[in-house]
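> Okay, sequence plus prediction incoming.
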Amino acid sequence: MKPPLILDHTDIIGEILSPLLTWYKSQEKTRQLPWREEPTPYHTWISEIMLQQTRAIAVIPYYHRFLEEFPTINALANADDEVLMKLWQGLGYYSRARNLKKAAQVIVQEHQGQLPQDQKQLLALPGIGRYTANAIASIAFGMPLPAVDGNVLRVIARVITCREDILAARTRTAFEQLLAPHYPTGRAAGALNQAFMDLGATICLPHGAPHCARCPLAQLCLAKETGTQQDFPQKAATKAKKREAHTILLLKLGNRIALHKRPNQGLLAGLWEFPNLTGQVDQSKVNEYLNQHHLTATRMEELPPAKHVFSHVTWQLTGWKIQLAASALLVTETKDAFTWATPEEIASQFSIPTAFAHYISYIK
């Protein structure tokens, strides 16, 4: 096991919190977010899960629709899985939604329907890691816990010119331990965590030049002083993403489209998809697939290529739009292989992952 990190310039940390909080209070009217207007424990939890890997501006409509459908933890615990997945469609990382329901069920069964205030109990809930637990505990319950995410890591790395890999777990731990003794209790604890979030989202940016002229920490930041802002934070080189090719089939029978449900385990588990083949296949291979399913094409149209990037793999997509002969559903095997839905039903009822979104416009 590697020894704990020894960080330099840590004396600066005690000086940054006051100007950061002052700046945050001055920004309250310019960066209004609905989960901050009524920061109940439930609202804080839902927003923090949604905000993982997703920009705040994109989360807002999802947040409103989610709470309209599931206004309480008890309602979420009893959520219909199809409704839940449809509401989450477009946010990605669908395991977040599944874990929300699992955690809600635990909260109802073990915590009388109330989010626990204890950090360890929060960490025991499905889908809640250390950052989310600390964010909920500080914002909803006023506990003096730093919520260290990418924004905090970037800001602190620049302020103290830390050259450690911010993707390493021990760097995150060292930054949390560095901040913890300086954290206040009460509303200021949550405000401080949100101040870091806002500073990273609007000023101390991850890509391109940071807006140092507007930064409340500019006078304390060593990277700003030395003109090395874009040298920080440091990240270890990541492995190249795996590439996979898939051929999407839009099978049309009258005005209905064939859908298939993915397995309950693995990538995009339990979501609906258009039938597809592994690899970039030509028309002859598509016809083989149709024959296997007792389907006859009356018209076939090749669709433009597309790409979808996951966290660990990139899909290179091609597609075919295929009009089928009306006799297709006379075959029992064909009936059982697919679910057939109209474009309107797909839009309102079926959760189609963003990976297939490029081809949804061709189903009409």
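Nice, I can see it. Numbers count the residues shown, from 1 in each chain.
> Residue ranges in the stretch 51-200 of the chain under the pLDDT threshold?
Across the stretch 51-200 of the chain, nothing is flagged by pLDDT under 70.
> Check the stretch 251-364 of the chain too.
Scanning the stretch 251-364 of the chain with the threshold set as pLDDT under 70 gives 328-336.
> Where do the helices of it begin and end?
For the stretch 251-364 of the chain, the helices defined by DSSP state H, counting those that start in this stretch cover 283-292, 332-337, 343-349, 357-360.
> Quick check: which of those helices has the most neighbours on average?
Ranked by mean neighbour count, those are led by helix 357-360 with a mean of 17 (mean count of other C-beta atoms under 10 Å). C-beta: built from backbone N, CA, C; applies to glycine.
> Find the nearest non-adjacent residue to residue 148, please.
residue 176 (4.8 Å; C-beta to C-beta, 6 or more residues apart in numbering).
> Residue 149 is in contact with the one you found, correct?
No - Residue 176 is beyond contact range of residue 149, at 10.7 Å (criterion: C-beta atoms under 8 Å).
> can you give me the strands for the stretch 251-364 of the chain?
Here the stretch 251-364 of the chain has its strands, by DSSP state E, counting those that start in this stretch, at 256-261, 272-273, 276-278, 297-309, 313-324, 339-341.
> Name the residues of stretch 28-43 that are buried.
33, 35, 36, 39, 41, 42, 43 (16 or more other C-beta atoms under 10 Å).
> tell me the contacts of the first one?
Right, the one you point to is residue 33. Applying C-beta atoms under 8 Å, 6 or more residues apart in numbering to residue 33 gives the contacts 47, 56, 60.
> Most neighbours among those, which one?
Greatest neighbour count in the contacts of residue 33, by other C-beta atoms under 10 Å, goes to residue 47: 24 neighbours.
> Just give the nearest non-adjacent residue to that one, would you?
The shortest distance from residue 47 to any non-neighbouring residue, by C-beta to C-beta, 6+ apart, is to residue 35 (3.6 Å).
> which element is the one you found on?
Assigned by DSSP states H and E, residue 35 falls within helix 34-37.
> Repeat that for residue 217.
Per DSSP H and E, there is no helix or strand for residue 217.
> which residues does the most centrally placed residue in the chain contact?
When C-alpha atoms, centre = their mean is applied to the chain, the residue found nearest the centroid is residue 53 (3.9 Å). When contacts are counted by C-beta under 8 Å, 6+ apart, residue 53 touches 92, 93.
> mind checking the backbone torsions on it?
Taking degrees, to the nearest 10, you get phi 70, psi 10 for the backbone angles of residue 53.
> where does it sit relative to residue 126, distance-wise?
Applying C-beta to C-beta, to the nearest Å, the value for residue 53 to residue 126 is 17 Å.
> for the next helix or strand after the helix holding residue 35, packing partners?
Using DSSP H and E, the helix or strand that follows helix 34-37 in sequence is helix 41-51. With contacts defined as 3 or more C-beta pairs under 8 Å, 6 or more residues apart in numbering; DSSP states H and E, the packing partners of helix 41-51 are helix 34-37, helix 56-69, helix 95-110, helix 130-141.
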